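K.L.:
Turn this into a structure:
(one chain, ligands or ions: 1)
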Amino acid sequence: MTGKTAVITGTTSGTGKVAALTLAELGAKVLVLNRASDRSTASFAELTTACPDAELQSVECDLQSFASVRAAATLVREICPEGVHVLCNNAGVMALADTATADGFDVQMQTNHLSHFVLARELMPLLERAADASGEARIVNHSSIARMSPGKTLLPDYLEENGGRLGGDGSQMENLMFRGARWIRYNQSKLANAAFTAALHDRLQQRGSNIKALVAHPGLANTHLQLTSVREGGMGSFFTGLFMRFSQSPEDGAMGILSCMCLPSAESGQFYGPGSGSSAFKGKAEPFALESFYDNAETRDLLWSKSEEAIGDTFVI
Ligand SMILES: NC(=O)c1ccc[n+]([C@@H]2O[C@H](COP(=O)([O-])OP(=O)(O)OC[C@H]3O[C@@H](n4cnc5c(N)ncnc54)[C@H](OP(=O)(O)O)[C@@H]3O)[C@@H](O)[C@H]2O)c1
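P.N.:
Numbering: from 1, shown residues only. Alright, predicted model coming up:
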C-alpha cells in the first residue's frame, strides 16, 4: 500500500482500528475520520505510537451530522492533494433507540449509510484523481449478515426524514429472528450499505471508471459494537455474553474490509466475508457475488434517489 492514501471512518475500536493499523503498517498514508471523543484521541495516540514512521492524520467527522461530514471532506481535500486511493466506509452503530439526528434522519441510517453517501460524493474527485494517476481507486462499504434479517427489501421510509418515527424501541431478537424495531432499522441500514455498493458498481461500470466499489461483512466480530448496543438497551447483557462465544476476533473480522482495500485481485462488485449465508459468523474472508435482493435496478435506483433526496444534493458519477 506504499504510495497510496486511505481514508477510514470509525477507527476508535473494532474492525476500523485494525484496518487503520494494518494500512499504516503496509506503508499507506492513513486518514482516520472519527467524532471527537476520548476514544478518538486515545486510539489515534495508539496508532501513532505503533507506527511512528507512518503518515497519519486524524480528521474530526461526526457521521450523525451532514455538516460535520462535509467539513471533514474539506479537510481531506486539503490534506490529500494527491487524491484518495481507498475510501473505507467502516463506522457503524447497531440497535440504537428510535431517535432522530439533528438532520432529522434515523440515527442508524444516517450514521451507517447516509453520511457515507455524502462522504463518497464529496471525495469522488479525489478518488478519480488517484485512479487517473495510479490506475485504480476503491470505495469499500461495511455491511453485515443483518442485511438479510428480518426483511430483504429496502424500504423508502427508512431513508426519509422520519427519524424517531420508525417503529419505536423494540429489541426483540428471540431465536435469532431480529423482529424488534431497533433491529429492523439496523437491517435497513446494512441493506443500504450493500445496495449502495451495487448502485455504485453499476454506475461506475457504465461510465467505464477504474474506481472499484466493494463491500464486506465481518461475520460476528468481538468489537465494541455489541457493548454499545447493550449500553443503549438494544441487547441484553446475558444473551450477548452467550452469543459472542460464537464470535471471531476484531482482526479476523477486519479481513473482509482489508481484502477489499488491499488485495490486488479484488474486483469491483465483489462482496468479501466469511461466507454469504446467515450463519457466516467466522472464517476466512472469501469473495462472493452481490446478491439479487439488492443488486437489482429497482433497489439500486431507490437507494440512489432517496439518498440524494436525503442529503439535498445530486451525486452524479
Ligand atoms: N462486530 C460485528 O460483529 C459486526 C457485524 C456486522 C457488521 N459490523 C459492522 O462493522 C463496522 C465496524 O463496527 P465494529 O464491529 O468494529 O464496531 P465498533 O468497535 O463499535 O466500531 C464502530 C466505529 O464506528 C464509530 N462511530 C459510531 N458512530 C459514529 C459517528 N456518529 N461518527 C463517527 N464515527 C462513529 C465508532 O466510534 P465512537 O468511538 O465515536 O463510537 C467506532 O469507531 C460497522 O459498520 C458495523 O455495522 C460489525
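
K.L.:
going forward, measure contacts and count neighbours with C-alpha atoms only.
P.N.:
Will do.

K.L.:
Distance-wise, check the nearest residue to Ser43 once chain neighbours are set aside relative to Phe293.
P.N.:
Beyond its immediate neighbours in the sequence, the residue positioned closest to Ser43 (C-alpha to C-alpha, 6 or more residues apart in numbering) is Thr12, lying 5.3 Å away. Thr12 is 32 Å from Phe293, where distance means C-alpha to C-alpha, to the nearest Å.

K.L.:
Which one of these two is surrounded by more residues?
P.N.:
When neighbours are counted by other C-alpha atoms under 10 Å, Thr12 comes out ahead of the other of Thr12 and Phe293, with 26 against 16.

K.L.:
residue contacts, that one?
P.N.:
By C-alpha atoms under 8 Å, 6 or more residues apart in numbering, the contact list for Thr12 reads Asn34, Arg39, Ser40, Ala42, Ser43, Phe44.

K.L.:
for these, which one is nearest the ligand?
P.N.:
When the contacts of Thr12 are compared for distance to the ligand, the smallest value, 4.5 Å, is given by Asn34; criterion: C-alpha to the nearest ligand atom.

K.L.:
Point out the residues in the stretch 1-150 of the chain that sit beside the ligand.
P.N.:
Among all residues of the stretch 1-150 of the chain, those adjacent to the ligand (criterion: C-alpha under 6 Å from any ligand atom) are 10-16, 34-35, 39, 61-64, 90-93, 111, 142-144.

K.L.:
which residues of this protein fall in helices?
P.N.:
Secondary structure of the chain by DSSP state H: the helices cover 14-25, 38-50, 66-79, 107-109, 115-134, 181-206, 225-231, 237-243, 250-253, 255-262, 297-311.

K.L.:
elements contacting the last one?
P.N.:
Pointing back at helix 297-311 there. Using 3 or more C-alpha pairs under 8 Å, 6 or more residues apart in numbering; DSSP states H and E as the contact test, the elements touching helix 297-311 are helix 181-206.

K.L.:
Apply 10 Å and report the result again.
P.N.:
helix 115-134, helix 181-206 (3 or more C-alpha pairs under 10 Å, 6 or more residues apart in numbering; DSSP states H and E).

K.L.:
what's the closest of those helices to Cys262?
P.N.:
Comparing the helices and strands packed on helix 297-311 by their distance to Cys262 (C-alpha to C-alpha), the top pick is helix 115-134, with 14.1 Å.

K.L.:
Report pLDDT for the residue nearest to Ser43.
P.N.:
Note for Thr12: predicted pLDDT of 98.

K.L.:
how close does it sit to Arg121?
P.N.:
Relative to Arg121, Thr12 is positioned 24 Å away (criterion: C-alpha to C-alpha).

K.L.:
helices and strands of the chain: which one bottoms out on pLDDT?
P.N.:
Lowest mean confidence among the helices and strands of the chain (mean pLDDT, DSSP states H and E): helix 237-243, at a mean of 88.

K.L.:
How far does that one sit from its chain's centre?
P.N.:
Its chain's C-alpha centre lies 25 Å from the corresponding centre of helix 237-243 when counted by C-alpha atoms, centre = their mean, to the nearest Å.

K.L.:
what about that helix, near the ligand?
P.N.:
No - Helix 237-243 lies apart from the ligand when judged by C-alpha under 6 Å from any ligand atom; the minimum separation is 10.4 Å.

K.L.:
For that helix, list every residue counted as buried.
P.N.:
Taking 16 or more other C-alpha atoms under 10 Å as the neighbour-count basis, helix 237-243 is seen to contain no buried residue.

K.L.:
now do stretch 119-132
P.N.:
For stretch 119-132, burial by neighbour count (16+ other C-alpha under 10 Å) applies to Leu119, Ala120, Arg121, Glu122, Leu123, Met124, Leu126, Leu127, Glu128, Arg129, Ala130, Ala131.

K.L.:
which non-adjacent residue is nearest the third one?
P.N.:
Counting by C-alpha to C-alpha, 6+ apart, Arg121 lies nearest to Phe315, which is 5.9 Å off, once chain neighbours are set aside.

K.L.:
pretty sure that neighbour contacts Ala199?
P.N.:
No - between Phe315 and Ala199 there is no contact under C-alpha atoms under 10 Å: 11.6 Å.

K.L.:
Comparing these two, which shows the higher neighbour count?
P.N.:
Remark: of Phe315 and Ala199, Ala199 carries more neighbours, 23 against 16, as counted by other C-alpha under 10 Å.

K.L.:
related to what we said a few turns ago, now, of the helices of the chain, which is deepest in the fold?
P.N.:
Stretch with highest mean neighbour count among these: helix 107-109 (a mean of 29; mean count of other C-alpha atoms under 10 Å).

K.L.:
Which other helices and strands does that one contact?
P.N.:
helix 181-206.

K.L.:
Also compute the angle for the helix it packs on relative to helix 115-134, please.
P.N.:
Interaxial angle of helix 181-206 relative to helix 115-134 (axes from the mean of the first three to the mean of the last three C-alpha atoms, to 10 degrees): 30 degrees.
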